[in-house]
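Visitor: I would like the atomic coordinates for the input below:
(chains A and B)
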Amino acid sequence: MRQEIRFSGLGGQGIITAAVILGRAAALYGGKHVVQTQSYGPEARGGASASAVIISDEPIHYPKVTEPHIYAIMSEEAYKKYGANASADAVMLVDPGYVTSRPDCTCYEVAATAEAKARLGKPVFANVIMLGGLLEATGIISYEALEHAVLDSVPKGTEENNKKALAIGMELVREQRP
Amino acid sequence: MTDKTEFLNGNTACAEGAIAAGCRFFAGYPITPSTEVAERMAARLPKVGGTFIQMEDELASMAAIIGGAWAGARTMTATSGPGFSLMMENIGYAAMTETPCVVVNVQRGGPSTGQPTMAAQGDMIQARFGSHGDYSIIALAPSSVQEMFDLTVKAFDLADRFRTPVFLMADETIGHMREKVILRGDVEIIPRRELGSDELPCKPDANGVPGFGTFGNGHGVHITGLTHDERGYPATDSAALHENLVRRQVGKIENFRNEIADVDIVNPDAEVIFISYGAPTRAVQQLLADYPGVYGHFNLRIVWPFPDAKLAEFRAAKAFVVPEMNLGQIAREVRMHTNVPVVTAPKLGGALHSVDELKHAADVAATATGTFTEVLL
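Guide: Coordinates of the predicted model:
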């Protein structure tokens, strides 16, 4: 089965890093076929940023997303561009500190940036909090695979805070489960 | 060395392929969307005893890798369209002096500076004919991250075997996407044939390729872009000598066009056959998966020299459909080698052909009667 995940937000939020970590987890530690792409523009910090991950049990031919079913959105602008067109059976995570709109599909509010600042002292952990939330909401790969990929992608000395970030994201989604 | 499995983008895999193939000299001028090749080479080469030089421009980059090759190294540069244009003069010099080297072109939208961050395949004709005079080259086109590694290795072997510049004609899509890739640890390096002590430096062997008189090995060779005799000395006033030289240099590659062909032939009994290379290959593969058994596919990993004889393997072909991220550059080449109707399916702007667009092109092709038809997507 082909699953398409869209990460979007602002440059500097770690959108592309989050997608690369998820792709790495599924490809190297989850035994899946994976393609990760990004909309690649001249913008630096503050511009729009979007990345996509395709995960499949079969070899992936078409490398671009066609219709994502999983979204992690960290800016209102990105919501308007990608989230507003989500199908009714999609699963969406939004950071309510940035995204004010809400979709018709299943949606979890993951206050990743606020929680990162409040509980880990820095907003840079927001993308890993989103990843934790995404894992809890979708079960798309195992926790072990994701943790492994997070730990070999982050700077030395930040491992414990990144593990906490994963746990915070998972907890935020769990609290909203019906 | 054992194999390593990594999750990398195509450009990084290309650099790893170069290192694995024994490339120890890289000279370049970083340009989007090829920059990650230079970044990785800059990080890796000093650790394996190699040299990375950031040059002042692409003319100098090309000149430097020619010089590095004559000093005995396997050499490479990486660029995109605007830099590729600047390299053309020295690419002709590499062809005339029969210098083995690898040039990576991660194609972006052109002409001129065009679309720096968007994929295209608009440099395919330039790769074959971009420098002045008659010559031939070899051009490869990867369609996956694994092929960015594998075809880079292959490019070095072909460059040394035929003593020619070899182009890896990638595109932004393949260069920037990440996939799982096996970095092979067992890459066998087939060295270029060194000039014998009793051999003339520009006298070809039976395959049309002279021995390579590496500088510093005591050969006393003279290298020139001027028309030259078998000793390597300028000889510019003989029509026969010039024609023999040019025909021999072209023939040493073109005579092997079907032997070195690197293609996939899928469903050869189908009536509508897609011909593709690079990123559009992935879209064609998806179409064939969605409509099993309906269409044929001729996938090219070596585009130049064009493997014309392989077209005959599609015995029942009623149309060849050629989706390209340009206005039909290789479709014209296909047209030259077949009487079957050719349908060009061009797409510009950076987006990959969708499966629906390919299906539409196939529907047009099924009833195509003209020798060359453009389908608008």
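
Visitor: pLDDT weak spots in chain A?
Guide: A:40-46 (pLDDT under 70).

Visitor: Can you pull the residues of it lying near chain B?
Guide: A:20, A:23-24, A:27-28, A:33-38, A:40-42, A:60-64, A:66 (Cβ under 8 Å from any Cβ of the partner chain). For glycine as for every other residue, the C-beta is placed from the backbone atoms N, C-alpha and C.

Visitor: domains of chain B?
Guide: Domain ranges of chain B: B:4-183, B:263-374, per automatic domain parsing.

Visitor: what would those domains look like in a markdown table with mean pLDDT, mean neighbour count and distance to chain A?
Guide: Below are the domains of chain B laid out as a markdown table (pLDDT from 0 to 100; neighbours: other Cβ atoms under 10 Å in any protein chain shown; distance: least, Cβ to the nearest Cβ, whole Å):
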| stretch | mean pLDDT | mean neighbour count | distance to chain A |
| --- | --- | --- | --- |
| domain B:4-183 | 98 | 23 | 4 |
| domain B:263-374 | 97 | 19 | 4 |
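
Visitor: circling back to that earlier point, would you mind checking the residues of chain A next to chain B for buried ones?
Guide: A:20, A:23-24, A:27-28, A:33-38, A:40, A:60-64 (16 or more other Cβ atoms under 10 Å in any protein chain shown).

Visitor: is it true that B:Gln285 touches A:Glu58?
Guide: No. Judged on Cβ atoms under 8 Å, B:Gln285 makes no contact with A:Glu58 at a distance of 11.6 Å.

Visitor: so what sits against both of the two?
Guide: Residues touching both B:Gln285 and A:Glu58 (Cβ atoms under 8 Å, 6 or more residues apart in numbering or on different chains): there are none.

Visitor: what about the helices in the stretch 151-300 of chain B?
Guide: B:172-176, B:239-254, B:280-290 (DSSP state H, counting those that start in this stretch).

Visitor: any idea which element A:Val34 lies in?
Guide: Using DSSP states H and E, A:Val34 falls within strand A:33-39.

Visitor: helices or strands next to that strand in the packing?
Guide: helix A:15-24, strand A:48-56, helix B:172-176, strand B:178-183 (3 or more Cβ pairs under 8 Å, 6 or more residues apart in numbering or on different chains; DSSP states H and E).

Visitor: Just want the angle from the first one to strand B:178-183.
Guide: Between the axis of helix A:15-24 and that of strand B:178-183 there is an angle of 50 degrees, by axes from the mean of the first three to the mean of the last three Cα atoms, to 10 degrees.

Visitor: just the second one next, same as before
Guide: Using the same axes, to 10 degrees, the interaxial angle of strand A:48-56 with respect to strand B:178-183 works out to 60 degrees.

Visitor: Could you list the residues in contact with the very next helix or strand once past strand A:48-56?
Guide: Using DSSP H and E, the helix or strand that follows strand A:48-56 in sequence is strand A:70-73. With contacts defined as Cβ under 8 Å, 6+ apart, strand A:70-73 is touched by A:3-9, A:18, A:79, A:82-83, A:86, A:90-95, A:99, A:130-131, A:133-134, A:137-138, A:140.

Visitor: Please spell out the PyMOL selection for the buried subset of those residues.
Guide: Provided next is the PyMOL selection string for whichever of the contacts of strand A:70-73 are buried by 16+ other Cβ under 10 Å:
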select buried, chain A and resi 3+4+5+6+7+8+9+18+79+82+83+86+90+91+92+93+94+95+99+130+131+133+134+137+138+140
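
Visitor: which ones among the contacts of strand A:70-73 are found in strands?
Guide: Counted as lying in strands by DSSP state E, out of the contacts of strand A:70-73, are A:3-9, A:91-94.

Visitor: Can you add distance to B:Ala155 and give these back as JSON lines?
Guide: Shown next, in JSON lines, are the ones in strands among the contacts of strand A:70-73 (distance: Cβ to Cβ, whole Å):
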{"residue": "A:Gln3", "distance to B:Ala155": "35"}
{"residue": "A:Glu4", "distance to B:Ala155": "33"}
{"residue": "A:Ile5", "distance to B:Ala155": "34"}
{"residue": "A:Arg6", "distance to B:Ala155": "35"}
{"residue": "A:Phe7", "distance to B:Ala155": "34"}
{"residue": "A:Ser8", "distance to B:Ala155": "36"}
{"residue": "A:Gly9", "distance to B:Ala155": "38"}
{"residue": "A:Val91", "distance to B:Ala155": "43"}
{"residue": "A:Met92", "distance to B:Ala155": "44"}
{"residue": "A:Leu93", "distance to B:Ala155": "43"}
{"residue": "A:Val94", "distance to B:Ala155": "46"}
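
Visitor: which two from those residues end up farthest apart in space?
Guide: A:Gln3 and A:Gly9 (20.2 Å; Cβ to Cβ).

Visitor: For the closest residue to B:Ala170 other than its chain neighbours, list the residues it contacts.
Guide: The shortest distance from B:Ala170 to any non-neighbouring residue, by Cβ to Cβ, 6 or more residues apart in numbering or on different chains, is to B:Val106 (4.7 Å). Contact analysis of B:Val106 by Cβ under 8 Å, 6+ apart lists B:11, B:33-34, B:37, B:78-80, B:170-172, B:175.

Visitor: Distance from the chain centre to stretch B:35-49, please.
Guide: Once both centres are worked out by Cα atoms, centre = their mean, to the nearest Å, stretch B:35-49 turns out to sit 21 Å from its chain's centre.

Visitor: Put the alpha carbons of that stretch into PDB.
Guide: Provided in PDB are the C-alpha atoms of stretch B:35-49 (Å, rounded to 0.1, in the frame of the first residue of the first chain):
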ATOM      1  CA  THR B  35      25.500  21.800  -5.600                       C
ATOM      2  CA  GLU B  36      25.200  18.700  -3.400                       C
ATOM      3  CA  VAL B  37      27.600  16.800  -5.700                       C
ATOM      4  CA  ALA B  38      30.300  19.400  -5.000                       C
ATOM      5  CA  GLU B  39      29.400  19.600  -1.300                       C
ATOM      6  CA  ARG B  40      29.800  15.800  -0.900                       C
ATOM      7  CA  MET B  41      33.000  15.700  -2.900                       C
ATOM      8  CA  ALA B  42      34.500  18.600  -0.900                       C
ATOM      9  CA  ALA B  43      33.700  16.600   2.300                       C
ATOM     10  CA  ARG B  44      34.900  13.200   1.100                       C
ATOM     11  CA  LEU B  45      37.800  13.700  -1.200                       C
ATOM     12  CA  PRO B  46      40.400  15.000   1.400                       C
ATOM     13  CA  LYS B  47      39.600  11.900   3.500                       C
ATOM     14  CA  VAL B  48      40.500   9.500   0.600                       C
ATOM     15  CA  GLY B  49      43.700  11.300  -0.500                       C
END
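
Visitor: And the helices and strands packed on strand A:33-39: which comes nearest B:Val321?
Guide: helix B:172-176 (19.6 Å).

Visitor: what packs against that closest one?
Guide: strand A:33-39, helix B:10-20, helix B:35-44, strand B:101-109, strand B:115-119, helix B:145-162.

Visitor: In TSV: these, plus distance to B:Pro292.
Guide: Below are the helices and strands packed on helix B:172-176 laid out as TSV (distance: least, Cβ to Cβ, whole Å):
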stretch	distance to B:Pro292
strand A:33-39	19
helix B:10-20	28
helix B:35-44	36
strand B:101-109	31
strand B:115-119	28
helix B:145-162	23
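
Visitor: For B:Glu58, find the nearest of these.
Guide: strand B:101-109 (9.8 Å).

Visitor: State the paired neighbours of the closest one in the sheet, together with their directions.
Guide: Sheet pairing for strand B:101-109, assigned by DSSP bridges, gives strand B:74-79 (parallel), strand B:115-119 (antiparallel), strand B:165-171 (parallel).

Visitor: Grab the longest helix from chain A for me.
Guide: helix A:159-176 (DSSP state H).

Visitor: Show me what counts as buried in that helix.
Guide: Those would be A:161-166, A:168-170, A:172-173, for helix A:159-176 by 16+ other Cβ under 10 Å.

Visitor: and of those, the nearest to A:Leu146?
Guide: A:Leu166 (6.9 Å).
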